[in-house]
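Chemist: Below are the sequence and a predicted model for it; my questions follow.
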Amino acid sequence: MYELYFQSDFMGTKIGFYLTLVCSVLLILCCPKIKYWYENKLQFEKKVNFWFGFLFVFGFFVMQSLSFYGLVLKSNGIDSGNYSTVEGAIEDIQIVERNSREEAFTVDGVRFKYNDYGTENSFFANRKHDSDTIQEGRVVKIAYLREGNENLIFELSVRK
């Protein structure tokens with residue numbers, strides 16, 4: 001009998017992707033009006049070059065869209081069953097404390113490594129979780145996505 005300990009939440013991912021995409025398109029379509037308003041209506045003593053500001057804001061929306069798009073792809077992979085599971089005892093725990101906490105462990109030959117800041121918020125990184133859960137010898141069941149050399153944990157259950 002396993003008790004669910006962590007499960008990723010991708011609820012706002014698709015909405016966030018479409019929202020940032022719409023904002024990017026609206027920014028492009030409204031560019032002439034925004035430029036007119038910025039240059040003629042704002043009464044700042046020193047104005048930043050419009051195109052510099054515009055490219056900065058547009059770049060922000062593009063980067064956010066790409067980030068959300070990556071999460072949407074991962075969420076779709078999970079929904080379609082393109083993930084792996086492993087079950088067994090936690091072995092070979094390594095914890096490194098630098099600027100942020102980095103943990104690594106193995107379950108049935110599969111290595112998991114995560115970092116409080118480097119791992120995406122949608123995946124398990126022991127950020128806000130009970131640090132006593134990941135212990136040597138504890139039996140767990142993990143559902144994860146394989147991405148490059150990383151195994152991203154999106155569901156973690158602990159044997160009672």
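Modeler: Yes, it's here.
Chemist: And the longest helix seen in the chain, what does it pack against?
Modeler: In the chain, taking DSSP state H as the definition, the longest helix is helix 50-79. Under the contact criterion of 3 or more Cβ pairs under 8 Å, 6 or more residues apart in numbering; DSSP states H and E, helix 50-79 touches helix 11-29, helix 31-40, strand 139-147. C-beta here means a position set from N, CA and C on the backbone, and glycine is covered the same way.
Chemist: Each with direction, which strands does the helix or strand just after the shortest one pair with?
Modeler: Scanning forward in sequence from strand 139-147, with DSSP states H and E defining helices and strands, the next element found is strand 150-159. Taking DSSP bridges as the criterion, strand 150-159 pairs within the sheet with strand 2-7 (antiparallel), strand 139-147 (antiparallel).
Chemist: buried set for strand 150-159?
Modeler: Applying a neighbour-count criterion of 16 or more other Cβ atoms under 10 Å, the buried positions in strand 150-159 are E150, N151, L152, I153, F154, E155, L156, S157, V158.
Chemist: Any figure for the gap between the second one and K46?
Modeler: Yep, that's N151 we're talking about. 51 Å (Cβ to Cβ, to the nearest Å).
Chemist: And the fourth one, by the same measure?
Modeler: For I153, the distance to K46 (Cβ to Cβ) stands at 49 Å.
Chemist: Would you tell me which strand is longest in this structure?
Modeler: Assignment by DSSP state E gives strand 84-97 as the longest strand of the chain.
Chemist: any low-confidence regions in the chain?
Modeler: Scanning the chain for pLDDT under 70 picks out the ranges 43-45, 117-118, 127-131.
Chemist: again, only using 90
Modeler: 1-3, 5-82, 93-104, 113-135, 146-150, 152, 154, 160 (pLDDT under 90).
Chemist: Kindly reformat the strands paired with strand 150-159 as JSON lines containing distance to A89.
Modeler: Formatted as JSON lines, the strands paired with strand 150-159 follow (distance: least, Cβ to Cβ, whole Å):
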{"stretch": "strand 2-7", "distance to A89": "13"}
{"stretch": "strand 139-147", "distance to A89": "5"}
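Chemist: Which among those strands is found nearest to V25?
Modeler: Nearest of the strands paired with strand 150-159 to V25, taken as Cβ to Cβ: strand 139-147 at 28.7 Å.
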